[in-house]
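> Build me a model:
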Amino acid sequence: MSFGEELREEVDSIIRTRWATRKGNVVPEAEDVQLGNDAVKLEGTVLYADLADSSGLVNLHSETFAAEIYKSFLVSACLIIRQNGGEITAFDGDRVMAIFIGDAPNTAAAKTGLQLKWAVDKIISPKIEEVYKDVDYKVRHAVGIDKCEFFVARTGIRGSNDLVWVGAAANFAAKLSAVREERYSTYVTDEVFGSLLESARLGGNPKRSMWERRAFGGRTIHRSSWLWSLD
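Okay, here's the model as predicted:
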């Protein structure tokens with residue numbers, strides 16, 4: 001049998017085999033889902049955190065400087081995600097994806113976005129300015145958050161595979177994380193905003209909204225320039 005014939009058989013099996021699905025209440029590990037047409041369905045809130053203009057960073061600065069920016073941003077994002085109960089599900093270059101489920105997942109995800117803004121402004125950027133006084137570079141990023149029911153399947157081949165999260169929220173959150181606006185860095189959909197606890201909606205003294213309503217991609221979203229201190 002030729003390689004082409006093997007590939008045709010594999011695709012035919014994927015397309016024709018009936019799916020076995022089940023409800024989930026925890027974020028699955030890859031080994032929890034079979035490589036065949038097996039899937040878990042669960043409600044979740046997805047967060048994408050994306051470092052802005054990574055092409056310019058790589059093209060205009062040294063590889064060691066670029067690597068330090070990448071690592072500082074992604075490590076900070078991952079630690080804050082974990083601190084707020086999120087599960088890291090994927091990396092894509094300078095971008096990380098996480099899922100929040102359980103109690104108040106929308107609030108946890110929004111808090112993560114606001115805390116990452118604090119980490120970028122109060123920790124990463126000052127440290128870069130301290131160490132690289134003559135380098136003209138400003139760290140910018142965006143966080144996109146949406147919610148839906150996910151269809152979680154395992155894709156790849158034996159020995160090299162991972163979970164794929166199928167759901168409109170993943171695509172829309174990724175688009176939100178690619179928005180580049182001065183000051184604003186955290187974006188949530190109206191569905192997420194409607195479920196936020198007061199602690200993630202109001203801030204300051206006196207209390208006022210941390211979010212501004214606007215339209216994006218045919219939907220209502222809310223953007224924020226606020227920071228949530230980690231100290």
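> Please count neighbours and contacts with C-alpha atoms only from this point.
OK.
> which helices and strands does the helix or strand hosting Leu114 pack with?
In this assignment (DSSP states H and E), Leu114 forms part of helix 105-119. Contact here means 3 or more Cα pairs under 8 Å, 6 or more residues apart in numbering; DSSP states H and E; on that basis helix 105-119 packs against strand 38-51, helix 63-83, strand 95-100, strand 141-157, strand 186-189, helix 198-201.
> and the longest one, which residues are buried?
Meaning helix 63-83. Ala66, Ile69, Tyr70, Ser72, Phe73, Leu74, Ser76, Ala77, Cys78, Ile80, Ile81 (16 or more other Cα atoms under 10 Å).
> just checking, the fifth one touches Ala49?
No. Shown here, Phe73 and Ala49 do not form a contact pair, counting by Cα atoms under 8 Å, at 9.2 Å.
> among the buried residues of helix 63-83, which two are most distant?
For those, the maximum inter-member distance is 22.4 Å, found between Ala66 and Ile81 (Cα to Cα).
> which residue packs closest to Ser125, ignoring adjacent ones?
Using Cα to Cα, 6 or more residues apart in numbering and skipping the chain neighbours, the partner closest in space to Ser125 is Val139 (6.4 Å).
> was I right about that neighbour contacting Ile123?
No. The criterion here is Cα under 8 Å, and Val139 misses it with Ile123 at 11.0 Å.
> These two - which one has more neighbours?
Shown here are Val139 and Ile123; by other Cα atoms under 10 Å, Val139 has more neighbours (17 against 14).
> Next up, the contacts around that one.
Leu51, Ala52, Ile69, Val120, Ile124, Ser125 (Cα atoms under 8 Å, 6 or more residues apart in numbering).
> ok, these vs Gly203, which is closest?
The closest of the contacts of Val139 to Gly203 turns out to be Val120 (Cα to Cα; 19.2 Å).
> May I see the contacts of Val139 organised as TSV, with distance to Ile145 and pLDDT added?
Listed next are those as TSV, based on distance: Cα to Cα, whole Å; pLDDT from 0 to 100:
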residue	distance to Ile145	pLDDT
Leu51	15	95
Ala52	16	92
Ile69	23	91
Val120	18	94
Ile124	22	94
Ser125	23	93
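> Can you redo those residues as CSV, where the extra columns are distance to Ser229?
Listed next are these as CSV, based on distance: Cα to Cα, whole Å:
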residue, distance to Ser229
Leu51, 20
Ala52, 22
Ile69, 21
Val120, 11
Ile124, 14
Ser125, 15
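> Now a PyMOL select for only the buried ones of those.
Here is the PyMOL command that selects the buried residues among the contacts of Val139 (16+ other Cα under 10 Å):
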select buried, resi 51+52+69+120+124+125
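> and which of the contacts of Val139 is nearest to Phe151?
Leu51 (26.8 Å).
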